[in-house]
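> how would this look folded up:
(chains A and B)
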There are 2 protein chains.
Amino acid sequence: MSAMLDAQTTDDQDLLTARYGAADVPATGPVTDVIRALLAHRSVRGYLPTALPQGTVETLIAAAQSAATSSNMQYWSVVAVTDPATKALMAEVAGGQGHIRDCPLLLVFLADQSRLNRVITAAGKTMPTLDYQEAFTVAAIDAALAAQNATVAAESLGLGTVYIGALRNDPEKVAAAIGLPPHVMAVFGLCVGYPDLAKLSDIKPRLPQTSVLFHERYAPQDEAAQVARYDAALGAFSRKQGMATESWTGRVLQRLTGTNGREGMRAAMRRLGFELK
Amino acid sequence: MSAMLDAQTTDDQDLLTARYGAADVPATGPVTDVIRALLAHRSVRGYLPTALPQGTVETLIAAAQSAATSSNMQYWSVVAVTDPATKALMAEVAGGQGHIRDCPLLLVFLADQSRLNRVITAAGKTMPTLDYQEAFTVAAIDAALAAQNATVAAESLGLGTVYIGALRNDPEKVAAAIGLPPHVMAVFGLCVGYPDLAKLSDIKPRLPQTSVLFHERYAPQDEAAQVARYDAALGAFSRKQGMATESWTGRVLQRLTGTNGREGMRAAMRRLGFELK
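Modelled structure (predicted):
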């Protein structure tokens, strides 16, 4: 279906084994070509300089706009960035992620309350919901649903993507770089481009489905054993990819037991017009 | 590809015309079968009682877990609800949405910091990031990316879905109903089932792409005229669907100029263990 998929297996059980490890393949039901493509997803951090076909951005955003949006309010927007200087600035905000410079297209997805506020202001009314935590939550979810459709669409065209949550390292710098008005915030970026197949990683294992999916009630069982199996699976994957061998638990401890530099997020968001009451 | 899609057109230009109106069809590039399926999305609020094939939940969640997740932290979980009493309670929380009772499966997507906290606690450490706004943001986005993959997978199987953001009307009642521990919150539900094709709505128009997609910088141009065209397109759609004729602007004013009952979200979230510092 896509170049990425063609480069690897398309057999359901092989895909599930890559995703979960042989000991944790879930008992799935019917599977379609679309589902095979979803199972084969991997983030792409090595891009060819190849330009995108004319109209690609419009195609991806048509797919994105076709995703569900809360009460059809359409709380999101997107800025398509191709300018090398802007991409270089974004790469710097993101802690030096070179693929942001290398990819031909960076889509910056926005939680956008400002368009709704403009519509309401033009009608001579005010928007009290604007100032609440819920307003940001719904906008961030709307943006994520849209972005995932763009990702699925891109992969079907043989393109690769990687989400750049690290744009939230400095939301004010990002806002200034792309001219965001108040009540708009970049929630993440999405690099898009043709993958350098020589740098394509394998399918990354995830936690056993039994750690994530519960029936009727939230009730983890044997979680420690599942995490231990996952630590082993992710360690094996990392070794195969030539990355530093690291268990998931080790990575969790490394990332989440200290500060992450985003303790000022709430203050920054308030300065961007999200009161988060 | 899917029953939903088969029931309607699969021609690119027809799909784009349905989505944007004839005056606002964007100049898209190459389109794949997967993209046609995305463009054909509509939310389903009328379900047949037909049971899902064995293993369907596992298939959908395998697709969901294959979506990107921030730093591979996997900040989300999901509870698959089929129990009629629980679905009835969820329908009541959501303001009486009967399709929650009627669908065979309600997936409740969770922003889940508790699994990571258990892993960290078991290692004798603490998780300071847990208490910040950013922790919830990343979890909600992770959950949304996963859920959208589940939706795309479901539609490829001929199933329909509808997101239930209204579970956030009472996050504490939802948490009690499905046994959520602290640091976990239901961010939305997703109804899944076979659509009653007699009740299937047409493709809902969205804002012109020029209102949502910007190049290099956020710079709306002629937005008022675009919104006016969209008001007309959505009014025509509503009339055709036999719904009360209503412009988008009218709907925005109705929903967002008063209170929405979610002003207490921040306080409720703190009681659920999200400090949102």
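
> Can you list the buried residues in stretch A:173-187?
Residues A:174-175, A:177-178, A:180-181, A:183-187 are the ones in stretch A:173-187 that count as buried (16 or more other C-beta atoms under 10 Å in any protein chain shown). Backbone N, C-alpha and C define where each C-beta goes, glycine included.

> Let's have those residues in a markdown table, adding distance to A:Lys87 and secondary structure.
A markdown table is the format used below for those (distance: C-beta to C-beta, whole Å; DSSP: H, G, I helix; E, B strand; the rest coil):
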| residue | distance to A:Lys87 | secondary structure |
| --- | --- | --- |
| A:Val174 | 12 | helix |
| A:Ala175 | 16 | helix |
| A:Ala177 | 10 | helix |
| A:Ile178 | 11 | coil |
| A:Leu180 | 17 | coil |
| A:Pro181 | 22 | coil |
| A:His183 | 25 | coil |
| A:Val184 | 20 | strand |
| A:Met185 | 19 | strand |
| A:Ala186 | 13 | strand |
| A:Val187 | 18 | strand |
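
> right, is stretch A:210-225 up against chain B?
Yes - Stretch A:210-225 lies within reach of chain B by C-beta under 8 Å from any C-beta of the partner chain, at A:211-220, A:223-224.

> what's the most distant pair in those residues?
The span of the residues of stretch A:210-225 next to chain B, defined through C-beta to C-beta, is set by A:Glu216 and A:Ala224 at 22.3 Å.

> So for the two, which residue has more residues nearby?
Neighbours were tallied for A:Glu216 and for A:Ala224 using other C-beta atoms under 10 Å in any protein chain shown; the higher tally belongs to A:Glu216 (14 against 11).

> Which stretches in the stretch 51-200 of chain A count as helices?
Remark: helices of the stretch 51-200 of chain A, listed N- to C-terminal, are A:56-65, A:84-93, A:98-102, A:114-122, A:133-156, A:171-177; assignment by DSSP state H, counting those that start in this stretch.

> Pull the CA coordinates from the longest one and hand them back as CSV.
It refers to helix A:133-156. Once non-C-alpha atoms are left out, helix A:133-156 reads as follows in CSV (Å, rounded to 0.1, in the frame of the first residue of the first chain):
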residue,chain,number,x,y,z
GLN,A,133,-9.7,24.4,31.1
GLU,A,134,-12.3,22.6,29.1
ALA,A,135,-11.8,25.0,26.2
PHE,A,136,-8.2,24.0,25.8
THR,A,137,-8.9,20.3,26.3
VAL,A,138,-11.5,20.2,23.5
ALA,A,139,-9.3,22.2,21.2
ALA,A,140,-6.2,19.9,21.8
ILE,A,141,-8.3,16.8,21.2
ASP,A,142,-9.8,18.2,18.0
ALA,A,143,-6.3,19.0,16.8
ALA,A,144,-5.0,15.5,17.6
LEU,A,145,-7.9,13.8,15.8
ALA,A,146,-7.3,15.9,12.7
ALA,A,147,-3.5,15.3,12.8
GLN,A,148,-3.9,11.6,13.1
ASN,A,149,-6.0,11.6,10.0
ALA,A,150,-3.3,13.6,8.2
THR,A,151,-0.8,11.0,9.3
VAL,A,152,-2.8,8.1,8.1
ALA,A,153,-3.4,9.9,4.8
ALA,A,154,0.3,10.7,4.4
GLU,A,155,1.4,7.1,5.1
SER,A,156,-1.0,5.9,2.4
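
> quick one: is it near chain B?
Yes - Helix A:133-156 comes into contact with chain B when judged by C-beta under 8 Å from any C-beta, the residues involved being A:133-134, A:136-138, A:140-141, A:143-145, A:147-149, A:151-153, A:155-156.

> And the first one, by the same measure?
Yes - part of helix A:56-65 sits near chain B under the criterion C-beta under 8 Å from any C-beta, namely A:56-59, A:61-63, A:65.

> Need the mean per-residue confidence for that helix.
Average pLDDT, helix A:56-65: 98.

> next one: the fourth one
Taken as a whole, helix A:114-122 has a mean pLDDT of 97.

> Then the third one?
Per-residue pLDDT values across helix A:98-102 average out to 98.

> is that helix up against chain B anywhere?
No - counting by C-beta under 8 Å from any C-beta, no contacts exist between helix A:98-102 and chain B, the nearest distance being 13.6 Å.

> now that helix: how far from the chain's centre is it?
For helix A:98-102, the distance from its own C-alpha centre to the chain's C-alpha centre is 16 Å (C-alpha atoms, centre = their mean, to the nearest Å).

> do stretch A:222-231 as well
On the basis of C-alpha atoms, centre = their mean, stretch A:222-231 sits 25 Å off its chain's mean C-alpha point.

> For that stretch, buried residues please.
Within stretch A:222-231, the residues that qualify as buried are A:223, A:226-227, A:229-231, counting by 16+ other C-beta under 10 Å.

> who touches that stretch?
Among residues not part of stretch A:222-231, those counted as contacts by C-beta atoms under 8 Å, 6 or more residues apart in numbering or on different chains are A:21, A:23-24, A:205-208, A:210-211, A:247-250, B:115, B:118-119, B:122.

> switch the cut-off to 10 Å
Residues lying outside stretch A:222-231 but in contact with it, judged by C-beta atoms under 10 Å, 6 or more residues apart in numbering or on different chains, are A:20-21, A:23-24, A:205-212, A:220, A:246-252, B:74, B:115, B:118-119, B:122.

> Buried only: go through those residues for me.
Of the members of these, the ones counted as buried by neighbours, 16+ other C-beta under 10 Å, are A:20-21, A:24, A:205-212, A:220, A:247-249, A:251-252, B:74, B:115, B:118-119.

> Just the pLDDT for the residue nearest to the spatial centre of chain A.
In chain A, the residue lying closest to the centroid (C-alpha atoms, centre = their mean) is A:Tyr163, at 3.8 Å. Reading off the confidence values, A:Tyr163 has pLDDT 98.

> Please name the nearest non-neighbouring residue to it.
Across the structure, with C-beta to C-beta, 6 or more residues apart in numbering or on different chains as the measure, the residue nearest A:Tyr163 apart from its sequence neighbours is B:Ala68 (4.9 Å).

> Tell me how far the one you found lies from B:Ala123.
Note on B:Ala68: its distance to B:Ala123, by C-beta to C-beta, to the nearest Å, is 25 Å.

> cool, and A:Ser156?
40 Å.

> What of A:Val252?
Where B:Ala123 is concerned, A:Val252 sits at a distance of 8 Å (C-beta to C-beta).

> A:Glu155 now?
From A:Glu155 to B:Ala123 the distance is 36 Å (C-beta to C-beta).

> Looking at these two, which one has more neighbours?
A:Glu155 (26 against 13).

> That one and A:Val44 touch, don't they?
Yes - A:Glu155 lies in contact with A:Val44 (C-beta atoms under 10 Å); the separation is 9.2 Å.

> Low-confidence ranges, the stretch 51-200 of chain A, go.
In the predicted model, the stretch 51-200 of chain A carries no residue with pLDDT under 70.
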